[in-house]
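> dropping a prediction and its sequence here:
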Amino acid sequence: MDYNEAYKKLEKYGQLHVLKYYDELTKEEQDTLLKQIEDTDMEVLLNAAHETDSKGKITPLSAMTLSEIETKKDDFMGAGIAAVKAGKVGAVLLAGGMGTRLGSDAPKGVYNIGLTKEVYIFERLIENLMDVVKLTDTWIHLFVMTSDKNHEATTAFFKEKNYFGYKPEYVTFFMQEMAPATDYNGKVYMESKNKISTSPNGNGGWFLSMMKWGVVDKIREAGIEWLNVFAVDNVLQRIADPCFVGATILTDSDVGAKVVCKNAPDEKIGVICLEDGKPSIVEYYELTDEMMNDKDENGNPSYSYGVILNYLFREKALEDIVAKKLPLHIVEKKIPYMNEKGELIKPEEPNGYKYEQLVLDMIHELDSCLPYEVRRNYEFAPIKNKTGVDSVESARQLCKENGIEL
Ligand code: UTP
């Protein structure tokens with residue numbers, strides 16, 4: 001892209017300030033900037049402006065409860081173990097996020113939660129996946145999504161730690177796309193005079209990024225039919241859990257979603273429901289008081305199951321929906337930016353917006369979803385913050401309860 005084309009593109013999106021320092025730059029810096037302008041998807045800025053929060057008609061969706069699962073456990077385990085042994089299950093670790101709330105510049109997975117020894121978040125996840133590898137005597141393909149901000153650091157860390165004992169040929173890294181980050185008026189921030197401030201575009205584009213990186217071809221070649229997508233930050237995460245896999249397969253669902261019983265009506269967790277008769281998830285910040293307080297005929301909360309970002313997708317179903325545009329979420333974040341003096345500022349408080357697509361919106365595109373209840377103290381220890389709720393502290397406590405040495 002040359003200067004004139006870049007100018008036209010920026011003009012269209014009201015972002016001409018990106019070229020403010022162009023004349024001061026070296027030829028090489030100018031080229032870097034022009035390339036970035038070319039590569040950056042600015043359409044999100046327009047789409048975001050038109051975003052409406054119009055949801056369809058929301059009604060409750062019940063989950064397969066712990067006691068129901070217990071009665072069918074043998075069948076589920078049998079089907080799940082058979083699927084894993086046949087190589088039909090792959091795992092996708094979403095690790096492209098910035099983890100700004102945790103406040104470390106390193107990838108979240110390299111965070112050490114150990115107290116008497118080193119216990120890295122990535123290590124905990126690999127250990128849990130290894131449980132299934134051992135049980136089934138089968139290596140499971142693990143696909144790790146990174147972003148431009150943490151790819152090098154993540155891949156180097158896995159290498160340095162010898163993949164925590166996992167077989168390297170079963171680990172594949174791929175990168176997600178980036179999106180521009182803006183101030184509250186929708187003007188993109190600059191990180192330096194020749195660099196637009198960008199951030200990962202949310203966890204919803206993972207399958208599309210897998211396609212772009214040719215990872216989906218590998219999946220087809222390997223005969224993988226189910227993809228267990230999970231978040232980096234839950235250190236009790238059960239991955240490729242045979243019982244969950246079996247339940248999703250035997251109920252002929254397009255997707256299984258692990259859910260926990262909410263601990264309070266206003267817990268900050270997405271709630272599973274039906275939207276216009278199709279499975280859907282309402283994010284906690286979209287939850288109305290009416291939904292929060294609604295009761296079923298037995299006086300129990302109607303919307304009591306929250307998602308923990310652990311889904312098992314039928315791969316074929318993903319191929320059918322990949323072309324569909326997911327909604328954009330505008331998220332308030334702390335965005336590093338260059339000030340008028342040309343200094344890089346790392347703000348302490350949110351100062352603008354990131355534009356994200358979310359994996360939870362994929363659920364609504366599918367026809368059938370199995371909400372599958374898990375014991376929260378056994379499977380859900382999210383690390384979002386340093387202290388307090390969903391923090392390193394609370395996760396350590398839960399690890400301790402589960403006999404995990406830290
Ligand atoms: P979060 O919503 O907690 O976002 O991600 P985050 O960026 O990691 O953390 P904060 O909000 O800045 O503190 C949930 C999961 O989705 C992944 C994260 O790595 C985590 O596993 N994710 C998030 C991505 O892979 N890409 C993204 O663009 C965003």
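Yep, it's here. Numbers count the residues shown, from 1 in each chain.
> whichever residue of the chain sits closest to the ligand: what's it in contact with?
Residue nearest to the ligand within the chain: G97 (2.3 Å; C-beta to the nearest ligand atom). Every C-beta, even on glycine, is put in place using the N, C-alpha and C of the backbone. By C-beta atoms under 8 Å, 6 or more residues apart in numbering, the contact set of G97 is K108, S147, P200, N203, V232, D233.
> go on, L102?
K108, Y111, I383, K384, N385, K386, V392.
> now it: which helix or strand?
Assigned by DSSP states H and E, L102 belongs to no helix or strand.
> quick one: E38 is in a helix?
Yes. Assignment of E38 by DSSP: H, G, I helix; E, B strand; the rest coil places it within a helix.
> for it, grab the count of nearby residues.
If you count neighbours by other C-beta atoms under 10 Å, E38 ends up with 12.
> test my guess that it contacts A6.
Yes. The criterion here is C-beta atoms under 8 Å, and E38 meets it with A6 at 7.2 Å.
> just checking, D254 touches A317?
Yes. Under the criterion of C-beta under 8 Å, D254 makes contact with A317 at 4.2 Å.
> out of those two, which sits in the more crowded spot?
D254 (22 against 17).
> now that one. Its backbone dihedrals?
phi -70, psi -30 (degrees, to the nearest 10).
> contacting residues for the residue minimising distance to the centre of the chain?
Taking C-alpha atoms, centre = their mean as the criterion, N203 is the residue nearest the geometric centre of the chain, at 3.8 Å. Counting by C-beta under 8 Å, 6+ apart, N203 makes contact with L94, G96, G97, M145, Q176, A231, L309, E356, Q357, L358, V359.
> ok, now with 10 Å
Applying C-beta atoms under 10 Å, 6 or more residues apart in numbering, we find N203 in contact with 92, 94-97, 145, 176, 229, 231-232, 309, 356-360, 362.
> tell me the pLDDT of the residue of the chain closest to the ligand.
What the model reports as pLDDT for G97 is 93.
> next one: it from L360, what distance?
14 Å (C-beta to C-beta, to the nearest Å).
> and for G78?
For G78, the distance to L360 - C-beta to C-beta - is 30 Å.
> before we move on, what about T251?
20 Å.
> more neighbours: which of these two?
L360 (21 against 15).
> skipping its backbone neighbours, what lies nearest the more buried one in space?
Spatial nearest neighbour of L360, chain neighbours left out: I281 (4.2 Å); criterion: C-beta to C-beta, 6 or more residues apart in numbering.
> contacts only, for P301.
Applying C-beta under 10 Å, 6+ apart, the residues near P301 are P60, C261, K262, A264, P265, V271, M291, M292, N293, D294, K295.
> Y13 too?
T40, M42, E43, V44, L45, L46, P180, G186, K187, V188.
> okay if I get the residues you listed as CSV plus secondary structure?
Formatted as CSV, the contacts of Y13 follow (three-state DSSP):
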residue, secondary structure
T40, coil
M42, coil
E43, helix
V44, helix
L45, helix
L46, helix
P180, strand
G186, coil
K187, coil
V188, strand
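> specify which member of those is nearest to F207.
F207 lies nearest to V44 out of the contacts of Y13, by C-beta to C-beta, at 18.0 Å.
> enumerate the positions of the helix or strand in which Y7 is found that are buried.
Using DSSP H and E, Y7 sits within helix 3-12. Applying a neighbour-count criterion of 16 or more other C-beta atoms under 10 Å, one finds A6, Y7, K9, L10 buried in helix 3-12.
> report the two of those residues separated the most.
For the buried residues of helix 3-12, and using C-beta to C-beta, no pair is farther apart than Y7 and K9, which are 7.4 Å apart.
> point out where the stretch 251-400 of the chain drops to low pLDDT.
Filtered on pLDDT under 70, the stretch 251-400 of the chain yields no residues whatsoever.
> top strand in the chain by residue count?
Ranked by residue count, the top strand of the chain under DSSP state E comes out as strand 305-314.
> and it, what other elements does it pack with?
strand 89-94, strand 226-231, helix 242-250, strand 255-261, strand 271-275, helix 360-363, strand 369-373, helix 376-379 (3 or more C-beta pairs under 10 Å, 6 or more residues apart in numbering; DSSP states H and E).
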